[in-house]
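[1] would you be able to build a 3D model of this:
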Amino acid sequence: MSKLRTLMAGAAVAAVCVTTASAADIAIIGGKSDDAFFAKIAKGITDATLVVEAHGGTVNYLQLQTYDNIGGDAANLVRTAMSQNVDIIAVPNWVPDTQDEAIKAAMNAGIAVILYNAGGGEKAAELGAINYIGNEEYPAGFAGGKYFAEHGAKHVICVNTVPGSGNIEDRCRGLADGMAEAGVTAEQLPLPASSFGDPTAVAEAIKATLLGDDTIDGVFAISSADADSAYTAMQQAGKLDSVQLGSFDMNVAGLERIRDSEQLFAIDQQPWLQGFLAVTLADGYVNYGLAMATSPLLTGPGIVDLTNIDATLAGGEQGYR
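    Just a heads-up that it's a prediction; the model follows:
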């Protein structure tokens, strides 16, 4: 027994040494603090930070303050992370034309990069990033277009409140192609970037569009907040019975609408997983050389509708879905 205790004590000391010797300094860049979608990513980051701190490391979450200049501001946050001498940066590549230069500069300075949430696997391979974690936007939009068409929609508008953002443009393009495959139509409704986060402005724009075109029978929102605004617009326009609502992402209100048959579906990309995996994989890569054999590492898309609403709503009420 005494020999066993000695061996166990030695193993415990070794484990402590490994834990305290490893230390990854991680910077992760994300959206606005009042963005409901990024609140779920932030929850994943917070949970993953416990793992990093257990290994003696740190996580610095750098957030955009507005979405008025999303690509330029994200590039500047990459430069901020570089100035902090971090080991690795996890960043969405929302606007590649603006962000690629900063990401390449970080990698040239010896800082590893993981793309997450926006950018895709091909862009990660092009830049030499470790991996991409998240949704592939075009296929997700395509799936939404097919779902709309399968449920009778013939003319859908994709409400884009962040025009110029590559991932959102891909969502709307995928939607249009998915519907076109079935011989029906989708078109983009681009709104000023300043409308993002302004539910009244978004609702008024959708309402005016619906009232101006009776052929529209579907609205596709790019976020859960915009889906709330779209529902308000449909109510005010008297279109709840003639227009179907679909969205990327979801909140509890959206999930309750699906449960109550007031919203057709939502496309889930599991943002909590994106934040959690971006941080834990960054930690494992820096400390132990761990990397996933699968690239990209997809967290979506998944369709949430009446068939799986109960389990999803339970996760939404706890801030995970």
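
[2] show me where the stretch 201-321 of the chain has helices.
    224-236, 252-259, 271-288, 309-317 (DSSP state H, counting those that start in this stretch).

[3] write down the beta-bridge partners of G218, one by one.
    According to DSSP bridges, the residues that bridge with G218 are V156, Q244.

[4] what number of residues lie near it?
    27 (other CB atoms under 10 Å). Glycine gets a C-beta too; all of them are placed from N, C-alpha and C.

[5] check K104 too.
    K104, neighbours per other CB under 10 Å, totals 14.

[6] please name the nearest non-neighbouring residue to it.
    In this structure, K104 finds its nearest non-sequential neighbour in L127, 6.6 Å apart by CB to CB, 6 or more residues apart in numbering.

[7] cool, and L210?
    In space, L210 is closest to A237, 4.5 Å off (CB to CB, 6+ apart).

[8] torsion angles phi and psi at the one you found?
    Per-residue torsions, A237: phi -90, psi 0 (degrees, to the nearest 10).

[9] returning to what we had before: what's the closest of the helices of the stretch 201-321 of the chain to E122?
    Of all the helices of the stretch 201-321 of the chain, helix 271-288 sits nearest to E122, with 17.8 Å by CB to CB.

[10] now the closest one: buried residues?
    271-287 (16 or more other CB atoms under 10 Å).

[11] quick one: that helix to helix 309-317, angle?
    Orientation of helix 271-288 against helix 309-317 (axes from the mean of the first three to the mean of the last three CA atoms, to 10 degrees) gives an angle of 60 degrees.

[12] state the mean pLDDT of helix 271-288.
    Per-region confidence: helix 271-288 scores 96 on mean pLDDT.

[13] show me what that helix is packed up against.
    Where contact means 3 or more CB pairs under 8 Å, 6 or more residues apart in numbering; DSSP states H and E, helix 271-288 is packed against strand 25-30, helix 36-54, strand 88-91, strand 112-116, strand 132-134.

[14] gap between A23 and H55?
    Counting by CB to CB, to the nearest Å, the gap from A23 to H55 is 7 Å.

[15] so what sits against both of these two?
    Residues touching both A23 and H55 (CB atoms under 8 Å, 6 or more residues apart in numbering): N287.

[16] shaky segments in the stretch 151-300 of the chain?
    Within the stretch 151-300 of the chain, no range satisfies pLDDT under 70.

[17] tell me the pLDDT at the residue most central in space within the chain?
    Centroid check for the chain by CA atoms, centre = their mean gives N117 as the closest residue, at 4.3 Å. As predicted, N117 sits at a pLDDT of 94.

[18] please name the nearest non-neighbouring residue to it.
    Spatial nearest neighbour of N117, excluding adjacent residues (CB to CB, 6+ apart): P92 at 4.0 Å.

[19] in this structure the one you found contacts G30, no?
    Yes: under the criterion of CB atoms under 8 Å, P92 makes contact with G30 at 7.3 Å.

[20] okay, and the common contacts of these two?
    Jointly contacting P92 and G30 under the rule CB under 8 Å, 6+ apart are N117.

[21] contacting residues for the residue nearest to K104?
    Contact analysis of L127 by CB under 8 Å, 6+ apart lists N93, D100, I103, K104, M107, V113, L115.

[22] turn the residues you listed into JSON lines, columns for distance to S83 and secondary structure.
    Converted to JSON lines, these look like this (distance: CB to CB, whole Å; DSSP: H, G, I helix; E, B strand; the rest coil):
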{"residue": "N93", "distance to S83": "20", "secondary structure": "coil"}
{"residue": "D100", "distance to S83": "19", "secondary structure": "helix"}
{"residue": "I103", "distance to S83": "15", "secondary structure": "helix"}
{"residue": "K104", "distance to S83": "16", "secondary structure": "helix"}
{"residue": "M107", "distance to S83": "15", "secondary structure": "helix"}
{"residue": "V113", "distance to S83": "16", "secondary structure": "strand"}
{"residue": "L115", "distance to S83": "20", "secondary structure": "strand"}
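
[23] and the residues you listed, which are buried?
    When the contacts of L127 are checked for burial by 16+ other CB under 10 Å, the buried set is N93, D100, I103, V113, L115.

[24] and of those residues, the nearest to E137?
    Distances from E137 to the buried ones among the contacts of L127, taken by CB to CB, are shortest for N93, at 11.2 Å.

[25] nearest spatial neighbour of the closest one, skipping sequence neighbours?
    Closest to N93 by CB to CB, 6+ apart is G119, at 3.1 Å.

[26] same thing with G300?
    Q269 (3.3 Å).

[27] could you measure from the one you found over to A109?
    From Q269 to A109 the distance is 30 Å (CB to CB).

[28] which of the two has more neighbours?
    The residue with more neighbours, out of Q269 and A109, is Q269; 21 against 9, by other CB under 10 Å.

[29] give me the number of residues near the residue nearest to L210?
    19.

[30] I'm done for today, thanks for sticking with me.
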